[in-house]
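Enquirer: Quick one, structure for this:
(chains A, B, C and D)
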There are 2 protein chains.
Amino acid sequence: MTAPSRKRATGRPTLADVAAAAGVSPITASRALRATRGVDEQLSARVREAAEALGYVPDPAARALASAHSSQVAVLIPLLSNALFVDLLEGVQRVLRPAGLQTLIGVTHYQPAEEEALLRSYLAHRPAGLLVTGFDRTAAARGLIERSRVPCVHLMETQAAGEAYAVGLSQDAAGAAMTEHLLARGRRRVAFVGAQLDPRVLQRLAGYRRVLQAHGLHDPGLELLDPAPSSIALGGVLLQRLLAARPDVDAIFFCNDDLAQGGLLAALKAGLAVPQRVAVAGFNDLAGSDQWLPPLTTIRTPRAEIGERAARMLLALLRGEAVDARQVDLGFELVVREST
Amino acid sequence: MTAPSRKRATGRPTLADVAAAAGVSPITASRALRATRGVDEQLSARVREAAEALGYVPDPAARALASAHSSQVAVLIPLLSNALFVDLLEGVQRVLRPAGLQTLIGVTHYQPAEEEALLRSYLAHRPAGLLVTGFDRTAAARGLIERSRVPCVHLMETQAAGEAYAVGLSQDAAGAAMTEHLLARGRRRVAFVGAQLDPRVLQRLAGYRRVLQAHGLHDPGLELLDPAPSSIALGGVLLQRLLAARPDVDAIFFCNDDLAQGGLLAALKAGLAVPQRVAVAGFNDLAGSDQWLPPLTTIRTPRAEIGERAARMLLALLRGEAVDARQVDLGFELVVREST
DNA sequence: CTGAAAGCGCTTACAG
DNA sequence: CTGAAAGCGCTTACAG
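Expert: Here you go, the predicted model:
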């Protein structure tokens, strides 16, 4: 009888097996493999060899149960169908995976209620950390995060962060910068076309307003806001709607590149000269915007870097290291192409 | 002293608390909450009330450890930056979430080695189920899946499934259908432009070849294959390269919409009349393709349905229910617009 | 239909 | 630096 019939065993080697093979106690094996505290280097090496030889893989469930912390980080984003958030996720995973942390992706569809439900479900898993988008959530969700005491870093925005950890950029400043650019190009009737109307779009809008007001050029009739989700198709529709209402418009600041791309296609279709007749700008610098007709002027946002930096901040928090700045503003870049 | 100082307790109510409140044993409480076997309806109701009153949330780690199965399903896809896979995921989550299963998303970047590493890491979590893309993986990865005995459904392809569970469409037939369409439009020098060159692209290529060969029109010089990742920019580049090499081409079948969109933009830029001078077709019917200039002829793939159907098949397997068909072909739709 | 016992595979907290 | 004991919060397998 080589294998004693342990009734419920899974067949996978356990820490006890590794410990036995290395001739140490399970706790010592545990400590050696986690490199947690001073374990004699010789013993440590023996344990690692034994683990290697047996093909030992720690059981995350047992680990989570015993330590009250899983090795998963929950990330909540509004949408997966927006390249912006995909880039953000790639940045996050690039940092988290090498650190042995898994990413649990939750998609909120811009619905606070959905986010709250996801939070409940994910918090039950006692994630090691939490990454959430922006600050716009239900009071209940905020309470859940706080009471869970799980370290949490906020993504994309830095405004209104208060004491919270956050990595992002000033959406307001970026909106202002684009508006300044359009004015510098000699435009005077600058429209803002927004969809989805999530907090970040509204912050860009605030920047746009501030600049126009400062120049005495703000005209509420040039703001076109639609709560529908952004898309190329909607960009075309909104361009038409705006032109019908305000044929005198000489520049359009679309709140993101999807809309702007659709706007440009619609302009081409309608024979509307861009930028001669009307300048067109976007936001985010998504893939393809540089290939457009004409190439699109936009704001490049460092979303991959935001993801990486936020993940590194979270790692620091998990390790109990000091975080020098609770809020990190990674800025943006105005990319001027032929559409303005 | 109300709260006895249980040293390592988390403060959250446990199954024992619920059982005590309901006046039953923990096992009965467990069974009542899982609705697993005949528990007296009265007791069951009492347990559910107690759980509700205490705000009890089962600990997934404890559950996983005791049952040897987590409530997570690992999904491996090549890329998140392709809308195709995002739609697939949405379909999967739409079915899995209501069933109480969480989705663990792994991105392989089309690298079999990366997929194998992800598989190792995810399998350590003893997922309840596995959803993987296609059949192109390392032998080691195949072995891992098999030995894990975790139910696995394959996505997107049905070809070469053998005994495996799979939900998808015949990429080959879709490639053939598009080629037939171009021939029916009177085109005779039909090019195939492919990038990434993953198995599904090659299957579309096979369909294309088969049809052209049947018509005696196959010309290897009209196949342009580039292993680089697909993008709008690459579509433009490949269009130029093809035209330079074969100015006589009268139709171009791009292996996906990203490339085709870029090809159309480049054609516009170059003043190349589409479809008069050359017809252009894509694959997948991504967002925006209907808004293009001209609107793009393409193949609509039912990826959301594939995700849903695969998830439902997985649920059936988890419940030990019979699955009538191991392979499900959900077909495709030829969408003819003005570009051909 | 219900339950007492044992166990899942780890780590914490306490000693030495 | 190392370890024996206890425990994390559930479910399985066996009785009755």
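Enquirer: Please enumerate the strands of the stretch 1-150 of chain A.
Expert: Counting by DSSP state E, counting those that start in this stretch, the segments of the stretch 1-150 of chain A that form strands are A:72-77, A:102-107, A:129-133.
Enquirer: how about the helices in chain A?
Expert: A:15-22, A:26-34, A:41-54, A:60-67, A:83-96, A:112-124, A:139-148, A:171-184, A:199-214, A:232-245, A:257-270, A:303-318 (DSSP state H).
Enquirer: Spell out which parts of the stretch 1-150 of chain A neighbour DNA strand D.
Expert: Selection of the stretch 1-150 of chain A residues close to DNA strand D by CB under 7 Å from any atom of the strand yields A:7-8, A:24-28, A:31, A:37-40, A:43-44, A:62, A:65-66, A:68. Quick note: C-beta positions are derived from backbone N, CA and C, even for glycine.
Enquirer: Pop the domain breakdown of chain A in here.
Expert: Domains of chain A are assigned by automatic domain parsing as A:15-57, A:70-169+A:304-330, A:171-300.
Enquirer: So, low pLDDT: which residues of chain A?
Expert: Low-confidence segments of chain A (pLDDT under 70): A:1-10, A:37.
Enquirer: Within range of DNA strand C, give me the residues from chain A.
Expert: A:6-10, A:12, A:14-16, A:26-27, A:30, A:33-34, A:36, A:56-59, A:62-63, A:65-68.
Enquirer: List only those of these flagged as buried.
Expert: Buried residues within those, counting neighbours by 16 or more other CB atoms under 10 Å in any protein chain shown: A:Arg12, A:Thr14, A:Leu15, A:Ser30, A:Leu33, A:Tyr56, A:Pro58, A:Asp59, A:Arg63, A:Leu65.
Enquirer: Quick check: of those, which lies closest to chain B?
Expert: The shortest approach to chain B among these belongs to A:Leu65, at 4.3 Å (CB to the nearest CB).
Enquirer: Confirm for me that that closest one is in contact with B:Ala66.
Expert: No - counting by CB atoms under 8 Å, A:Leu65 does not reach B:Ala66; the two are 9.1 Å apart.
Enquirer: Just want the most central residue of chain A.
Expert: Central residue of chain A (CA atoms, centre = their mean): A:Leu88, 4.3 Å from the mean position.
Enquirer: just to revisit the earlier point, quick one: which two of the buried ones among the residues of chain A next to DNA strand C are the most distant?
Expert: A:Tyr56 and A:Leu65 (18.1 Å; CB to CB).
Enquirer: DNA strand D contacts on the stretch 201-340 of chain A?
Expert: Counting by CB under 7 Å from any atom of the strand, no residue of the stretch 201-340 of chain A is near DNA strand D.
Enquirer: Report the separation between A:Asp59 and A:Ser30.
Expert: 12 Å (CB to CB, to the nearest Å).
Enquirer: I misspoke; the intended subject was A:Ser67.
Expert: For A:Ser67, the distance to A:Ser30 equals 10 Å [CB to CB].
Enquirer: Look up how far A:Ala316 lies from A:Ala322.
Expert: For A:Ala322, the distance to A:Ala316 - CB to CB - is 8 Å.
Enquirer: Compare the two and say which is more crowded by neighbours.
Expert: Counted by other CB atoms under 10 Å in any protein chain shown, A:Ala322 and A:Ala316 do not tie: A:Ala316 has more neighbours, with 16 against 7.
Enquirer: what sits against that one?
Expert: By CB atoms under 8 Å, 6 or more residues apart in numbering or on different chains, A:Ala316 lies in contact with A:Ala322, A:Val323.
Enquirer: go with 6 Å
Expert: A:Ala316 makes contact with A:Val323, according to CB atoms under 6 Å, 6 or more residues apart in numbering or on different chains.
Enquirer: do A:Pro302 as well
Expert: By CB under 6 Å, 6+ apart, the neighbours of A:Pro302 are A:Leu330.
Enquirer: please redo it, this time with the cut-off set to 7 Å
Expert: Taking CB atoms under 7 Å, 6 or more residues apart in numbering or on different chains, we find A:Pro302 in contact with A:Leu330, A:Gly331.
Enquirer: go on, A:Leu238?
Expert: Each residue near A:Leu238 by CB under 7 Å, 6+ apart is listed here: A:Val193, A:Leu224, A:Asp226, A:Leu259.
Enquirer: and the last one, how many residues sit next to it?
Expert: When you say that, I think you mean A:Leu259. Residues near A:Leu259, counting by other CB under 10 Å, number 29.
Enquirer: now the first one
Expert: For A:Val193, the neighbour count with other CB under 10 Å is 25.
Enquirer: isn't it right up against A:Leu242?
Expert: Yes - taking contacts as CB atoms under 7 Å, A:Val193 lies within contact range of A:Leu242: 6.2 Å.
Enquirer: can you list residues touching both of the two?
Expert: Contacts common to A:Val193 and A:Leu242, judged by CB under 7 Å, 6+ apart, are A:Leu224, A:Ile252.
Enquirer: Residue of chain A nearest DNA strand D, please.
Expert: Per CB to the nearest atom of the strand, A:Gly38 is where chain A lies closest to DNA strand D, at 2.4 Å.
Enquirer: Next one: that residue from A:Ala66, what distance?
Expert: Distance, A:Gly38 to A:Ala66, by CB to CB: 21 Å.
Enquirer: likewise A:Ala164?
Expert: A:Ala164 sits 30 Å away from A:Ala66, going by CB to CB.
Enquirer: Name the nearest residue to A:Phe254, sequence neighbours excluded.
Expert: A:Ala260 (3.8 Å; CB to CB, 6 or more residues apart in numbering or on different chains).
Enquirer: Now for the one you found: which residues touch it?
Expert: By CB under 7 Å, 6+ apart, the neighbours of A:Ala260 are A:Gly235, A:Phe254, A:Val280, A:Ala281, A:Gly282, A:Leu296.
Enquirer: Are stretch A:117-132 and chain B in contact anywhere?
Expert: Yes - under the criterion of CB under 7 Å from any CB of the partner chain, chain B is reached by stretch A:117-132 at A:Ala124, A:His125.
Enquirer: Figure out how far that stretch is from the centre of its chain.
Expert: In terms of CA atoms, centre = their mean, to the nearest Å, the gap separating the centre of stretch A:117-132 from the centre of its chain is 16 Å.
Enquirer: Give me the buried positions along that stretch.
Expert: Neighbour-count burial for stretch A:117-132 [16+ other CB under 10 Å]: A:118-119, A:121-132.
Enquirer: Please apply the same query to stretch A:16-24.
Expert: Neighbour-count burial for stretch A:16-24, counted by 16+ other CB under 10 Å, picks out A:Asp17, A:Val18, A:Ala19, A:Ala20, A:Ala21, A:Ala22, A:Val24.
Enquirer: so who does the last one touch?
Expert: Contacts here follow CB under 7 Å, 6+ apart; on that basis A:Val24 touches A:Leu43, A:Val47.
Enquirer: Span of stretch A:117-131 from start to end?
Expert: 15 Å (CA to CA, to the nearest Å).
Enquirer: before we move on, back to that, please work out how many residues are found near the residue of chain A closest to DNA strand D.
Expert: Using other CB under 10 Å, A:Gly38 has 7 neighbouring residues.
Enquirer: before we move on, back to that, can the helices of chain A go into JSON lines with extra columns for distance to B:Lys269?
Expert: Formatted as JSON lines, the helices of chain A follow (distance: least, CB to CB, whole Å):
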{"stretch": "helix A:15-22", "distance to B:Lys269": "63"}
{"stretch": "helix A:26-34", "distance to B:Lys269": "58"}
{"stretch": "helix A:41-54", "distance to B:Lys269": "57"}
{"stretch": "helix A:60-67", "distance to B:Lys269": "52"}
{"stretch": "helix A:83-96", "distance to B:Lys269": "23"}
{"stretch": "helix A:112-124", "distance to B:Lys269": "42"}
{"stretch": "helix A:139-148", "distance to B:Lys269": "47"}
{"stretch": "helix A:171-184", "distance to B:Lys269": "24"}
{"stretch": "helix A:199-214", "distance to B:Lys269": "30"}
{"stretch": "helix A:232-245", "distance to B:Lys269": "18"}
{"stretch": "helix A:257-270", "distance to B:Lys269": "11"}
{"stretch": "helix A:303-318", "distance to B:Lys269": "28"}
